[in-house]
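1. Provided below are the primary sequence and the corresponding predicted coordinates.
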Amino acid sequence: MGPSRRPPGNGPKETTVGWSHNPPAHVVVQSMEAQGSFPILQRWTTGRRFRQRQPSGTVGWARSFGRGGRWGWGCRMLSAVSGTEGLRSEAVRRANLETILQRLHRRGPATRSMLTKEIGLHRSAVGDLIAELTELGFVQEERSTSNGAPGRPSPEAHPRATVNVVFAVEVLVESISVAAVGLGGRVIESARLDRARPISSPKRTATDIARLMRRVQAKLDPGARVFAVGLAVPGLVRQSDRTVVMAPNLGWVDAPIASLLAERIDLDVPIFVRNEADLGALAESRRGVASGLRDVLYISGEVGVGGGLISDGRLLSGTTGFAGEIGHIPVNPDGDPCNCGSHGCWETEVGEGRLLRRAGLPADGGRPAMAELLEAADNGEAVARQAMDEQGRWLGYGLAGLISIFNPEAVVLGGFLAAAFPYYSTALERELTARVTTSIRSQGRVLPSALGLEAPLLGAAELAWDEILSDPVVAVAAAARSSAASA
């Protein structure tokens, strides 16, 4: 790596730091030139500046290791150190705890040697942090298998999944799913409720969620700690008060689903709410077919169609958290009315109901009708195949514009779009080839979801864990208070 420009400052010091893989994240410090101080991190490596939330009165400069100036697990920071203000040693320790715990949660068990190399801390510091995480109940160390190298194998740190959980909830038009997801991303227990139309009200939905949560919680380890609830909904979510402003296919307007649920459960834990397509994108980029990619467009296909976008490793939300409503992009001036109040929206051409109607099946037939259609397509029935070709054509028509705008590394198709992918992929590819410039089209792939129908549910768990792991010490204290209050 060649020399880099340094920001103005008197006598900057060089300090080794690391951080969790997807910014924004806490920065962890290996050594400090002045006790009780810490710089602001600035991102200059790709011509843009990223300013980490840190105390005022400090400045810093960072350049990353790795290809293309991408963020990784370590970098060199040239820091002008403030003598009186900054991050205290206690906050630095907690930031280090978060980094190690996020590493174990997202990528699985690791030895101390592995963590030392990846994060950049001294081996003794890693040992102390693992010991504290063990004492906090998040981690247990087990003897690792020898790799043939001389000496005794380094112990391996494992996340304790069965005793550290969050609840993940997905609300769909025809069903509610609840899962207890352990540290490390494993589903420990789950339950599902199928609902007949007409659609349930927000209050009834909250009551059903609470009942499913109690059913799942009864099956957990008696010593399990529940830290939070993550909720995925097919609608616009205002983050300031976690209200579902509008969910056309649910028939909800200004539904305070978080507060309604809080009133019905015996847990005093935070409840986080987000659009289901956003959470599908989050899950696929971390644990699915797009794992490791930085620019991903996720398309959710259910009764409606939604989108989530990961750009440079970060989930795009828009000014009010409403970004990604791609199902309501107008594509057909003469199209059918949409539940949003407009007409000719993309989801009126590629949504589940439209596909079923093209195949001569009831538009509100749901998953049983979709299973029948997939079987017919697999058997080569002409009507089913023709419906799939038309689906691919309209899907490609809308995707062409989105790919040209966002230039993603991958487009991931979720929900029923993943299950039906083999039957319409040829028509889709033909449409994209005709409508997207070669230079852009050659860089991105269109892939069916690896997580399938579970992607938004697993994304809801990731949303909850992100918030909890940002300060594991505080999380343990809060979980203890919640347990005492519900006892």
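-> Nice, I can see it.
2. tell me the contacts of Thr134?
-> Each residue near Thr134 by CB atoms under 8 Å, 6 or more residues apart in numbering is listed here: 140-141. Using the backbone N, CA and C atoms, a C-beta is placed for each residue, glycine as well.
3. distance of it from Glu429?
-> 51 Å (CB to CB, to the nearest Å).
4. ok, now Leu129?
-> In terms of CB to CB, Leu129 sits 48 Å off from Glu429.
5. likewise Glu325?
-> 26 Å.
6. in which helix or strand does Ala455 reside?
-> For Ala455, the host element (DSSP states H and E) is helix 455-469.
7. typo on my end, it should be Val178
-> Element membership for Val178, per DSSP H and E: strand 175-182.
8. by how many degrees do that strand and helix 455-469 diverge?
-> Orientation check (axes from the mean of the first three to the mean of the last three CA atoms, to 10 degrees): strand 175-182 against helix 455-469 gives 40 degrees.
9. residues making contact with strand 175-182?
-> With CB under 8 Å, 6+ apart as the test, strand 175-182 has contacts from 159-170, 187-195, 205, 208-209, 212-213, 215-217, 220, 224, 226, 457-458, 461, 465.
10. quick one: which of these sit in helices?
-> Secondary structure from DSSP state H places 205, 208-209, 212-213, 215-217, 457-458, 461, 465 of the contacts of strand 175-182 in helices.
11. pick out whichever of the residues you listed sits closest to Asp364.
-> Distances from Asp364 to those, taken as CB to CB, are shortest for Thr205 (18.5 Å).
12. report pLDDT for the residue nearest to that closest one when sequence neighbours are not counted.
-> In space, and not counting its chain neighbours, Thr205 is closest to Val171: 6.1 Å by CB to CB, 6 or more residues apart in numbering. With respect to pLDDT, Val171 scores 95.
13. the strands in the stretch 51-200 of the chain, which residues?
-> In the stretch 51-200 of the chain, the segments counted as strands under DSSP state E, counting those that start in this stretch are 59-64, 75-80, 110-111, 139-142, 156-159, 164-171, 175-182, 187-194.
14. parallel or antiparallel, which strands does the fifth one pair with?
-> With DSSP bridges as the test, strand 156-159 is paired with strand 110-111 (antiparallel), strand 139-142 (antiparallel).
15. can you lay out these as a markdown table showing mean neighbour count, distance to Gly365 and mean pLDDT?
-> Below are the strands paired with strand 156-159 laid out as a markdown table (neighbours: other CB atoms under 10 Å; distance: least, CB to CB, whole Å; pLDDT from 0 to 100):
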| stretch | mean neighbour count | distance to Gly365 | mean pLDDT |
| --- | --- | --- | --- |
| strand 110-111 | 20 | 47 | 94 |
| strand 139-142 | 17 | 47 | 92 |
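16. center of this protein - which residue?
-> Central residue of the chain (CA atoms, centre = their mean): Leu282, 2.4 Å from the mean position.
17. residues near the closest residue to Ile130 other than its chain neighbours, how many?
-> Closest residue in space to Ile130, ignoring its immediate chain neighbours: Ala157 at 5.3 Å, by CB to CB, 6+ apart. The number of residues packed near Ala157 is 27, by other CB atoms under 10 Å.
18. cool, and Glu135?
-> Applying other CB under 10 Å, we find 10 residues neighbouring Glu135.
19. next one: it from Tyr423, what distance?
-> Remark: distance between Glu135 and Tyr423 (CB to CB) = 53 Å.
20. same thing with Leu172?
-> Distance, Leu172 to Tyr423, by CB to CB: 22 Å.
21. next: Trp394.
-> Remark: distance between Trp394 and Tyr423 (CB to CB) = 14 Å.
22. same deal with Ala434?
-> For Ala434 relative to Tyr423 (CB to CB), the value is 20 Å.
23. which one's more surrounded, these two?
-> The residue with more neighbours, out of Ala434 and Tyr423, is Tyr423; 21 against 10, by other CB under 10 Å.
24. check which helix or strand covers that one.
-> Short version, using DSSP H and E: Tyr423 is in helix 416-435.
25. which stretches of the stretch 301-450 of the chain form helices?
-> Assigned by DSSP state H, counting those that start in this stretch, the stretch 301-450 of the chain shows helices spanning 347-350, 352-358, 366-378, 382-406, 416-435, 438-441.
26. please identify the most buried of the ones you listed.
-> For the helices of the stretch 301-450 of the chain, the largest average neighbour count (mean count of other CB atoms under 10 Å) is found in helix 347-350, namely a mean of 26.
27. residues contacting that one, please?
-> Residues outside helix 347-350 that contact it (CB under 8 Å, 6+ apart): 301, 304-305, 327-328, 331-332, 335-338, 354, 391, 394-395, 397-398, 417.
28. what's the average pLDDT for that helix?
-> 92.
29. cool, and stretch 217-235?
-> Per-residue pLDDT over stretch 217-235 has a mean of 95.
30. pull out the buried positions in it.
-> 217, 220-221, 224-235 (16 or more other CB atoms under 10 Å).
31. likewise for stretch 92-112?
-> For stretch 92-112, the buried set under the neighbour-count rule, 16+ other CB under 10 Å, comprises 92-106, 109-112.
32. next: stretch 316-330.
-> Buried, per 16+ other CB under 10 Å, within stretch 316-330: 317, 321-328.
33. pull the CA atoms of it into CSV?
-> Written as CSV, here are the backbone C-alpha positions of stretch 316-330 (Å, rounded to 0.1, in the frame of the first residue of the first chain):
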residue,chain,number,x,y,z
LEU,A,316,-30.0,2.0,3.2
SER,A,317,-33.1,3.4,5.0
GLY,A,318,-33.8,6.8,3.5
THR,A,319,-34.7,10.0,5.4
THR,A,320,-37.6,8.5,7.4
GLY,A,321,-36.8,4.8,7.0
PHE,A,322,-39.2,4.2,4.1
ALA,A,323,-36.6,3.4,1.4
GLY,A,324,-37.1,0.2,-0.6
GLU,A,325,-40.8,0.4,-1.5
ILE,A,326,-40.0,-0.8,-5.0
GLY,A,327,-43.2,-2.8,-5.3
HIS,A,328,-44.9,0.5,-5.8
ILE,A,329,-42.8,1.7,-8.7
PRO,A,330,-45.2,2.5,-11.6
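34. what does it contact?
-> Identification of contacts with stretch 316-330 by CB under 8 Å, 6+ apart yields 236-239, 245, 274-275, 277-278, 299, 304-310, 338, 340, 342, 344-347, 351, 398, 401-402.
35. any of the residues you listed buried? List them.
-> 236-238, 245, 274-275, 277-278, 299, 304-310, 338, 340, 344-347, 351, 398, 402.
36. just the pLDDT for the residue nearest to Arg367 when sequence neighbours are not counted.
-> Leaving out its chain neighbours, the residue that sits closest to Arg367 by CB to CB, 6+ apart is Glu174, at 7.2 Å. On pLDDT, Glu174 comes in at 85.
37. all set now, cheers.
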